[in-house]
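J.: coords please:
(one chain, ligands or ions: 1)
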Amino acid sequence: MACSMVPSEPNQPKALSFPKRTFGKKAPVQRSFQGSWFDSRPWLHYDEPRDLAFCHVCMVAKRDGKLTSTKADKAFLESGFSNWKDATAGFKSHEKSECHQAAVERVVTLPKVTKDVGEMLSVSHANDKKVNRQCLLKVLSSIRFIARQGLALRGDGDDSESNYIQLLKLRGEDDSKILDWIKRKNDKYTCAESQNEMLKIMALSILRDVAQNIKNSVFYSIMADETTDKSNREQIVLVIRHVNENLEPQEEFIGLTKVPSIDADTLTIEKMRREGNNITTIDQLEFIQKSLRDKPFVSDTRTNGNRAM
Ligand SMILES: [Zn+2]
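T.: The predicted structure follows:
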(Lines give C-alpha, C1' and ligand atoms only; values in the text may rest on other atoms or scores of the structure.)
Protein backbone atom coordinates (compact mmCIF):
# COMPACT_ATOMS: atom_id res chain seq x y z
CA MET A 1 0.00 0.00 0.00
CA ALA A 2 1.45 3.34 -0.97
CA CYS A 3 2.10 5.69 1.90
CA SER A 4 -0.03 8.46 0.39
CA MET A 5 -3.03 6.14 0.58
CA VAL A 6 -2.90 5.65 4.37
CA PRO A 7 -6.43 6.40 5.61
CA SER A 8 -6.88 8.69 8.60
CA GLU A 9 -8.48 5.85 10.61
CA PRO A 10 -8.00 2.06 10.34
CA ASN A 11 -10.79 0.38 8.35
CA GLN A 12 -12.53 -2.05 10.76
CA PRO A 13 -15.75 -3.34 9.12
CA LYS A 14 -16.75 -5.78 11.90
CA ALA A 15 -19.96 -7.03 10.28
CA LEU A 16 -18.61 -7.47 6.73
CA SER A 17 -19.03 -10.80 4.98
CA PHE A 18 -15.35 -11.58 4.49
CA PRO A 19 -14.26 -13.67 1.46
CA LYS A 20 -12.78 -17.13 2.03
CA ARG A 21 -9.26 -18.25 1.16
CA THR A 22 -8.10 -21.84 0.83
CA PHE A 23 -5.28 -23.07 3.05
CA GLY A 24 -3.29 -26.34 2.73
CA LYS A 25 -2.96 -28.72 -0.22
CA LYS A 26 -3.41 -32.19 1.26
CA ALA A 27 -6.42 -31.30 3.36
CA PRO A 28 -7.46 -27.86 2.18
CA VAL A 29 -9.48 -25.70 4.55
CA GLN A 30 -11.21 -22.44 3.91
CA ARG A 31 -10.72 -19.54 6.22
CA SER A 32 -11.75 -15.89 6.12
CA PHE A 33 -10.90 -12.74 8.03
CA GLN A 34 -12.88 -12.51 11.32
CA GLY A 35 -14.59 -9.29 12.44
CA SER A 36 -13.81 -10.23 16.07
CA TRP A 37 -10.08 -9.76 15.34
CA PHE A 38 -10.65 -6.02 15.47
CA ASP A 39 -11.52 -6.33 19.18
CA SER A 40 -8.51 -5.32 21.27
CA ARG A 41 -6.48 -4.58 18.11
CA PRO A 42 -7.09 -0.89 17.38
CA TRP A 43 -4.16 -0.90 14.95
CA LEU A 44 -5.60 -3.58 12.60
CA HIS A 45 -6.61 -2.26 9.18
CA TYR A 46 -8.55 -4.34 6.64
CA ASP A 47 -8.09 -3.61 2.94
CA GLU A 48 -11.45 -4.65 1.45
CA PRO A 49 -10.60 -4.67 -2.31
CA ARG A 50 -7.53 -6.89 -1.76
CA ASP A 51 -8.72 -8.91 1.26
CA LEU A 52 -5.52 -8.08 3.15
CA ALA A 53 -4.68 -6.96 6.69
CA PHE A 54 -2.27 -4.12 7.52
CA CYS A 55 -1.07 -2.34 10.63
CA HIS A 56 -2.43 1.21 10.55
CA VAL A 57 -0.01 2.50 13.21
CA CYS A 58 3.02 1.15 11.35
CA MET A 59 1.73 2.65 8.07
CA VAL A 60 1.33 6.08 9.67
CA ALA A 61 4.81 5.84 11.22
CA LYS A 62 6.34 4.92 7.87
CA ARG A 63 4.46 7.67 6.02
CA ASP A 64 5.68 10.25 8.57
CA GLY A 65 9.28 9.03 8.36
CA LYS A 66 9.23 7.71 11.92
CA LEU A 67 10.34 4.16 11.00
CA THR A 68 13.73 3.02 9.76
CA SER A 69 13.56 0.56 6.86
CA THR A 70 15.58 -2.10 8.72
CA LYS A 71 12.86 -2.33 11.32
CA ALA A 72 9.97 -2.59 8.85
CA ASP A 73 7.65 -5.61 9.11
CA LYS A 74 6.85 -5.91 5.40
CA ALA A 75 3.75 -8.16 5.74
CA PHE A 76 1.79 -5.59 7.75
CA LEU A 77 3.29 -2.58 6.04
CA GLU A 78 3.65 -3.25 2.32
CA SER A 79 2.60 -6.62 0.96
CA GLY A 80 -0.33 -7.13 3.34
CA PHE A 81 -1.07 -10.05 5.68
CA SER A 82 -3.54 -12.77 4.66
CA ASN A 83 -2.64 -15.91 6.62
CA TRP A 84 -6.14 -16.22 8.15
CA LYS A 85 -5.34 -19.78 9.30
CA ASP A 86 -2.66 -18.62 11.73
CA ALA A 87 -3.88 -15.05 12.04
CA THR A 88 -3.82 -14.76 15.82
CA ALA A 89 -0.18 -15.92 15.97
CA GLY A 90 0.67 -13.53 13.10
CA PHE A 91 -0.95 -10.57 14.88
CA LYS A 92 0.86 -11.46 18.12
CA SER A 93 4.20 -11.69 16.38
CA HIS A 94 3.62 -8.31 14.70
CA GLU A 95 2.63 -6.70 18.01
CA LYS A 96 5.90 -7.94 19.53
CA SER A 97 8.00 -6.84 16.56
CA GLU A 98 10.51 -4.03 16.97
CA CYS A 99 8.84 -2.26 14.04
CA HIS A 100 5.39 -2.18 15.66
CA GLN A 101 6.66 -1.23 19.11
CA ALA A 102 8.71 1.67 17.70
CA ALA A 103 5.68 2.82 15.68
CA VAL A 104 3.31 2.72 18.69
CA GLU A 105 5.83 4.64 20.77
CA ARG A 106 6.33 7.33 18.14
CA VAL A 107 2.80 7.64 16.76
CA VAL A 108 0.60 6.89 19.80
CA THR A 109 2.49 7.18 23.12
CA LEU A 110 4.85 10.12 22.61
CA PRO A 111 2.31 12.61 21.22
CA LYS A 112 0.12 11.89 24.27
CA VAL A 113 2.83 12.75 26.81
CA THR A 114 4.68 15.40 24.81
CA LYS A 115 2.76 18.61 24.27
CA ASP A 116 3.26 20.97 21.41
CA VAL A 117 6.17 23.38 22.12
CA GLY A 118 4.09 26.47 21.31
CA GLU A 119 1.34 25.27 23.60
CA MET A 120 3.84 24.53 26.40
CA LEU A 121 5.35 28.00 26.04
CA SER A 122 1.96 29.66 26.12
CA VAL A 123 0.92 27.63 29.21
CA SER A 124 4.13 28.67 30.95
CA HIS A 125 3.54 32.31 29.95
CA ALA A 126 -0.03 32.17 31.29
CA ASN A 127 1.30 30.73 34.60
CA ASP A 128 3.91 33.48 34.88
CA LYS A 129 1.20 36.07 34.29
CA LYS A 130 -1.00 34.53 36.97
CA VAL A 131 1.82 34.48 39.55
CA ASN A 132 2.83 38.06 38.65
CA ARG A 133 -0.72 39.27 39.19
CA GLN A 134 -0.99 37.49 42.53
CA CYS A 135 2.30 39.00 43.73
CA LEU A 136 1.46 42.50 42.52
CA LEU A 137 -1.85 42.33 44.40
CA LYS A 138 0.06 41.33 47.57
CA VAL A 139 2.43 44.27 47.01
CA LEU A 140 -0.57 46.62 46.66
CA SER A 141 -2.48 45.25 49.64
CA SER A 142 0.66 45.55 51.81
CA ILE A 143 0.94 49.24 50.95
CA ARG A 144 -2.77 49.68 51.66
CA PHE A 145 -2.33 48.01 55.07
CA ILE A 146 0.63 50.22 56.05
CA ALA A 147 -1.18 53.37 54.86
CA ARG A 148 -4.36 52.30 56.67
CA GLN A 149 -2.42 51.90 59.94
CA GLY A 150 -0.66 55.25 59.48
CA LEU A 151 2.80 53.64 59.51
CA ALA A 152 5.82 54.77 57.53
CA LEU A 153 6.52 52.71 54.42
CA ARG A 154 10.22 53.52 54.50
CA GLY A 155 12.78 54.58 57.07
CA ASP A 156 15.89 56.70 56.76
CA GLY A 157 18.29 53.81 56.45
CA ASP A 158 18.45 50.43 54.79
CA ASP A 159 15.37 49.83 52.64
CA SER A 160 15.38 46.12 53.52
CA GLU A 161 14.60 47.06 57.15
CA SER A 162 11.54 49.16 56.18
CA ASN A 163 8.05 48.28 57.39
CA TYR A 164 7.08 47.60 53.81
CA ILE A 165 9.79 45.07 52.92
CA GLN A 166 9.52 43.43 56.34
CA LEU A 167 5.75 43.07 55.88
CA LEU A 168 6.30 41.48 52.45
CA LYS A 169 8.83 39.08 54.00
CA LEU A 170 6.34 38.18 56.70
CA ARG A 171 3.66 37.48 54.10
CA GLY A 172 6.26 35.42 52.23
CA GLU A 173 6.24 32.96 55.14
CA ASP A 174 2.74 31.97 54.06
CA ASP A 175 3.35 32.31 50.33
CA SER A 176 6.88 31.64 49.08
CA LYS A 177 6.06 33.29 45.73
CA ILE A 178 6.37 36.67 47.51
CA LEU A 179 9.90 35.81 48.67
CA ASP A 180 10.86 34.93 45.08
CA TRP A 181 9.24 38.17 43.94
CA ILE A 182 11.25 40.44 46.27
CA LYS A 183 14.46 38.65 45.27
CA ARG A 184 13.87 39.65 41.65
CA LYS A 185 16.29 42.14 40.10
CA ASN A 186 13.60 44.14 38.30
CA ASP A 187 9.87 44.43 37.58
CA LYS A 188 8.95 43.92 41.21
CA TYR A 189 7.35 47.36 41.79
CA THR A 190 8.75 47.78 45.30
CA CYS A 191 10.90 50.89 44.74
CA ALA A 192 10.01 54.23 46.34
CA GLU A 193 8.59 55.61 43.06
CA SER A 194 6.27 52.62 42.67
CA GLN A 195 5.18 52.89 46.32
CA ASN A 196 4.31 56.57 45.86
CA GLU A 197 2.50 55.88 42.62
CA MET A 198 0.41 53.14 44.20
CA LEU A 199 -0.39 55.36 47.20
CA LYS A 200 -1.48 58.12 44.82
CA ILE A 201 -3.77 55.74 42.92
CA MET A 202 -5.35 54.63 46.21
CA ALA A 203 -5.70 58.23 47.42
CA LEU A 204 -7.41 59.26 44.18
CA SER A 205 -9.74 56.30 44.43
CA ILE A 206 -10.77 57.39 47.95
CA LEU A 207 -11.15 60.99 46.73
CA ARG A 208 -13.40 59.78 43.95
CA ASP A 209 -15.68 58.25 46.59
CA VAL A 210 -15.49 61.42 48.68
CA ALA A 211 -16.36 63.53 45.63
CA GLN A 212 -19.31 61.25 44.89
CA ASN A 213 -20.59 61.65 48.46
CA ILE A 214 -20.31 65.43 48.21
CA LYS A 215 -22.00 65.39 44.82
CA ASN A 216 -25.00 63.70 46.42
CA SER A 217 -25.18 66.34 49.17
CA VAL A 218 -27.06 69.61 48.95
CA PHE A 219 -24.79 71.54 51.32
CA TYR A 220 -21.07 71.32 51.73
CA SER A 221 -18.12 73.51 52.67
CA ILE A 222 -14.38 73.42 52.94
CA MET A 223 -12.77 73.78 56.31
CA ALA A 224 -9.13 74.72 56.39
CA ASP A 225 -7.17 75.04 59.55
CA GLU A 226 -3.56 75.56 60.44
CA THR A 227 -1.48 73.29 62.58
CA THR A 228 2.20 73.18 63.49
CA ASP A 229 4.00 69.83 63.41
CA LYS A 230 6.72 68.55 65.77
CA SER A 231 9.46 70.21 63.76
CA ASN A 232 7.63 73.56 64.01
CA ARG A 233 6.55 73.60 60.36
CA GLU A 234 3.26 75.24 59.46
CA GLN A 235 0.74 72.97 57.82
CA ILE A 236 -2.74 73.50 56.57
CA VAL A 237 -5.39 70.84 57.05
CA LEU A 238 -8.19 70.58 54.53
CA VAL A 239 -11.49 68.98 55.43
CA ILE A 240 -14.72 68.97 53.46
CA ARG A 241 -17.88 69.09 55.49
CA HIS A 242 -21.17 68.08 53.96
CA VAL A 243 -24.66 66.98 54.97
CA ASN A 244 -25.78 63.57 53.78
CA GLU A 245 -29.28 62.56 52.70
CA ASN A 246 -30.26 61.82 56.34
CA LEU A 247 -29.24 65.40 57.20
CA GLU A 248 -26.26 64.12 59.18
CA PRO A 249 -23.10 66.23 58.93
CA GLN A 250 -20.08 64.39 57.51
CA GLU A 251 -16.46 65.48 57.56
CA GLU A 252 -13.99 64.15 54.98
CA PHE A 253 -10.30 64.70 55.61
CA ILE A 254 -8.58 65.67 52.35
CA GLY A 255 -5.01 66.15 53.45
CA LEU A 256 -2.21 68.18 54.99
CA THR A 257 -0.07 70.70 53.13
CA LYS A 258 3.09 72.42 54.36
CA VAL A 259 2.89 76.21 53.98
CA PRO A 260 5.51 78.89 54.59
CA SER A 261 3.02 81.09 56.45
CA ILE A 262 -0.64 80.98 57.40
CA ASP A 263 -1.73 84.48 56.51
CA ALA A 264 -4.60 84.94 54.09
CA ASP A 265 -2.36 86.03 51.28
CA THR A 266 -0.24 82.85 51.47
CA LEU A 267 -3.25 80.58 51.64
CA THR A 268 -4.50 81.16 48.12
CA ILE A 269 -4.34 78.04 45.99
CA GLU A 270 -2.06 79.70 43.45
CA LYS A 271 0.37 80.92 46.06
CA MET A 272 0.41 77.60 47.92
CA ARG A 273 1.09 75.84 44.67
CA ARG A 274 3.92 78.27 43.93
CA GLU A 275 5.55 78.25 47.33
CA GLY A 276 4.37 75.15 49.16
CA ASN A 277 6.74 72.17 49.40
CA ASN A 278 3.92 69.72 49.29
CA ILE A 279 1.23 70.45 46.75
CA THR A 280 -0.48 67.08 47.00
CA THR A 281 -3.36 68.32 49.11
CA ILE A 282 -4.04 71.19 46.75
CA ASP A 283 -3.97 68.74 43.83
CA GLN A 284 -6.45 66.60 45.70
CA LEU A 285 -8.72 69.55 46.37
CA GLU A 286 -8.66 70.49 42.70
CA PHE A 287 -9.33 66.88 41.81
CA ILE A 288 -12.50 66.99 43.90
CA GLN A 289 -13.43 70.31 42.39
CA LYS A 290 -13.08 68.83 38.90
CA SER A 291 -15.11 65.81 39.91
CA LEU A 292 -17.88 68.08 41.12
CA ARG A 293 -17.69 70.18 37.94
CA ASP A 294 -20.48 72.73 38.16
CA LYS A 295 -20.73 72.79 41.97
CA PRO A 296 -18.61 75.65 43.25
CA PHE A 297 -17.02 75.41 46.69
CA VAL A 298 -18.56 77.57 49.38
CA SER A 299 -16.11 79.33 51.64
CA ASP A 300 -16.25 78.75 55.34
CA THR A 301 -15.78 82.21 56.79
CA ARG A 302 -14.95 81.25 60.34
CA THR A 303 -11.24 81.83 59.89
CA ASN A 304 -9.20 84.31 57.90
CA GLY A 305 -7.35 81.54 56.22
CA ASN A 306 -10.51 79.98 54.91
CA ARG A 307 -11.77 83.22 53.60
CA ALA A 308 -8.71 83.43 51.44
CA MET A 309 -9.55 80.14 49.71
ZN1 LIG B 1 2.32 -2.38 13.58
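J.: In the stretch 101-250 of the chain, which residue sits nearest the ion?
T.: A103 (5.2 Å; C-beta to the ion). Quick note: C-beta positions are derived from backbone N, CA and C, even for glycine.
J.: which ones are touching that residue?
T.: For A103, the contacting residues are C55, V57, C58, V60, A61, K62, K66, L67, by C-beta atoms under 8 Å, 6 or more residues apart in numbering.
J.: now do F76
T.: With C-beta under 8 Å, 6+ apart, F76 has these contacts: A53, F54, C55, C58, H94, H100.
J.: switch the cut-off to 10 Å
T.: F76 sits next to 43-45, 52-59, 90-91, 93-95, 97, 99-100, 103 when contact means C-beta atoms under 10 Å, 6 or more residues apart in numbering.
J.: which residues in this protein form strands?
T.: Using DSSP state E, the strands found in the chain span residues 20-23, 29-32, 44-47, 52-55, 220-228, 234-243, 249-258.
J.: Go through those strands and pick out the most buried.
T.: Mean neighbour count (mean count of other C-beta atoms under 10 Å) peaks for strand 52-55 among the strands of the chain, with a mean of 23.
J.: Show me what that strand is packed against.
T.: Where contact means 3 or more C-beta pairs under 10 Å, 6 or more residues apart in numbering; DSSP states H and E, strand 52-55 is packed against strand 44-47, helix 87-96, helix 98-104.
J.: that older thread, the residue lying closest to the residue of the stretch 101-250 of the chain closest to the ion once chain neighbours are set aside and the ion: what is the separation?
T.: Sequence neighbours aside, A61 is the residue nearest to A103 in space, at 3.6 Å (criterion: C-beta to C-beta, 6 or more residues apart in numbering). Per C-beta to the ion, to the nearest Å, A61 is found 8 Å from the ion.
J.: Tell me how many other residues surround A61.
T.: Other residues within reach of A61, judged by other C-beta atoms under 10 Å, total 25.
J.: Also the one 5 residues further on?
T.: Other residues lying near K66 total 15 when counted by other C-beta under 10 Å.
J.: Pull up the residues of the stretch 1-150 of the chain that are close to the ion.
T.: The stretch 1-150 of the chain comes close to the ion at residues C55, V57, C58, H100, as judged by C-beta under 5 Å from the ion.
J.: closest to R148 among those residues?
T.: Distance to R148 across these (C-beta to C-beta) is lowest for V57, with 64.6 Å.
J.: and the closest residue to that closest one other than its chain neighbours, how far is that from C99?
T.: The shortest distance from V57 to any non-neighbouring residue, by C-beta to C-beta, 6+ apart, is to W43 (4.4 Å). With distances taken as C-beta to C-beta, to the nearest Å, W43 is found 12 Å from C99.
J.: Walk me through the domains of this structure.
T.: As recorded under automatic domain parsing, the domains making up the chain are 3-22+31-113, 130-190, 217-308.
J.: how about the ones you listed, which one is nearest V210?
T.: Closest to V210 of the domains of the chain, according to C-beta to C-beta: domain 217-308, at 4.6 Å.
J.: low-scoring stretches of this protein, by residue?
T.: Applying pLDDT under 70 to the chain picks out residues 1-4, 69, 71, 262-309.
J.: longest single helix anywhere in it?
T.: Longest helix in the chain, counting residues (DSSP state H): helix 117-148.
J.: Report the contact partners of the most far-flung residue of the chain relative to its centre.
T.: Distance from the C-alpha centroid of the chain peaks at K26, with 75.0 Å (C-alpha atoms, centre = their mean). By C-beta under 10 Å, 6+ apart, K26 lies in contact with nothing.
J.: Would you mind measuring from it to the ion?
T.: Counting by C-beta to the ion, the gap from K26 to the ion is 33 Å.
J.: hmm, back to that, dump the contacts of A103 into CSV; add distance to L16 as well.
T.: Listed next are the contacts of A103 as CSV, based on distance: C-beta to C-beta, whole Å:
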residue, distance to L16
C55, 19
V57, 21
C58, 22
V60, 23
A61, 26
K62, 26
K66, 30
L67, 29
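J.: Narrow those residues to those in helices?
T.: V57, C58, V60, A61, K62.
J.: Could you verify my assumption that M198 touches L140?
T.: Yes: M198 is in contact with L140 according to C-beta atoms under 10 Å; the separation is 5.9 Å.
J.: quick one, which of those two is more surrounded?
T.: Taking other C-beta under 10 Å, M198 and L140 do not tie; M198 has more neighbours (20 against 15).
J.: Around L151, how many other residues sit close by?
T.: Neighbour tally, L151, other C-beta under 10 Å: 12.
J.: Could you tell me how many residues sit around the residue nearest to it when sequence neighbours are not counted?
T.: Counting by C-beta to C-beta, 6+ apart, N163 is the residue found nearest to L151 once chain neighbours are left out, at 5.2 Å. For N163, the count of nearby residues is 16 (other C-beta under 10 Å).
J.: Fine by me, we can end here.
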